[in-house]
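**Q** Got a sequence here, can you model it:
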Amino acid sequence: MTTGAIILSAGSGRRIAKLGIKPLLKIDGKTFLETIIDKLEHSGFTPIVVVVNPNHHAAMKTLRHNAQLCVNQHHALGMLSSLRCGLSHIEKSTRGFMLHPVDFPLVMPATYDALMSTHQEHEACIVKPSFGGRRGHPVIFPRQFYHDLTRAPINEGARWVQKQHPDQIVSVIVNDPGILININTPELYEEHCAKHQY
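**A** Now for the predicted structure:
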């Protein structure tokens, strides 16, 4: 079995919408989505599933990548509904998966490698990156928590699963502020991405 990845891209992104569809915003010539997929592939995550909402599906299909698109017809219910949608595509073929919100495109390539390595050493644990004493994104969940993720309260989502198993969380200290930078407003995009050279 492999370790997959689920990229959550189904949100409406209202705060940043005036700039365009969030997953298709660019950083150094590539979209957020392409940037994340490239780094996931380089670190060996497969399969990669991108969860999108129906309004953006046509635009997403124009991108060139090896990821699978999963349309979440219930995206208005929140992130957990998207996670469940993505999990239904990979649960039978993976020993774990990385949960990756699309608005964290600044995560460094070395962080993906570090998370994958730790996941391979601690296959029964949830693996989270930490920078400056703060945990961030993305997070790896092992197969044993798939069922819990499908039954978590819709308003709590993956956080609920982590609260149930605090002793099975492994933090990986990384020199990467990108794990804490959530690009969800035009101001944050201008600050971190518009002139960013990767």
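**Q** Any stretches of the chain with poor pLDDT?
**A** Segments of the chain classed as low confidence (criterion: pLDDT under 70) are 12-13, 61-62, 64, 195-198.
**Q** Near residue 96, how many other residues are there?
**A** Applying other Cβ atoms under 10 Å, we find 26 residues neighbouring residue 96. Heads up, the C-betas are built off the backbone N, CA and C, glycines and all.
**Q** Was I right to think it contacts residue 149?
**A** No. Using Cβ atoms under 8 Å, residue 96 makes no contact with residue 149, being 11.6 Å away.
**Q** Give the residues shared as contacts by the two.
**A** Common contacts of residue 96 and residue 149, defined by Cβ atoms under 8 Å, 6 or more residues apart in numbering, comprise residue 141.
**Q** For my notes, confirm residue 127 occurs in a helix.
**A** No. Going by DSSP: H, G, I helix; E, B strand; the rest coil, the assignment for residue 127 is strand, not a helix.
**Q** which secondary structure element contains the nearest residue to it once chain neighbours are set aside?
**A** Of all residues not flanking residue 127 in the chain, residue 140 sits nearest, at 4.1 Å (Cβ to Cβ, 6 or more residues apart in numbering). Assigned by DSSP states H and E, residue 140 falls within strand 139-142.
**Q** which strands and helices sit next to the following helix or strand past that strand?
**A** Remark: after strand 139-142, the chain's next helix or strand is helix 146-151, criterion DSSP H and E. The contact analysis (3 or more Cβ pairs under 8 Å, 6 or more residues apart in numbering; DSSP states H and E) places helix 146-151 against helix 79-90, helix 158-164.
**Q** a markdown table for these, including mean neighbour count and distance to residue 1?
**A** As requested, those are exported to a markdown table (neighbours: other Cβ atoms under 10 Å; distance: least, Cβ to Cβ, whole Å):
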| stretch | mean neighbour count | distance to residue 1 |
| --- | --- | --- |
| helix 79-90 | 21 | 10 |
| helix 158-164 | 16 | 20 |
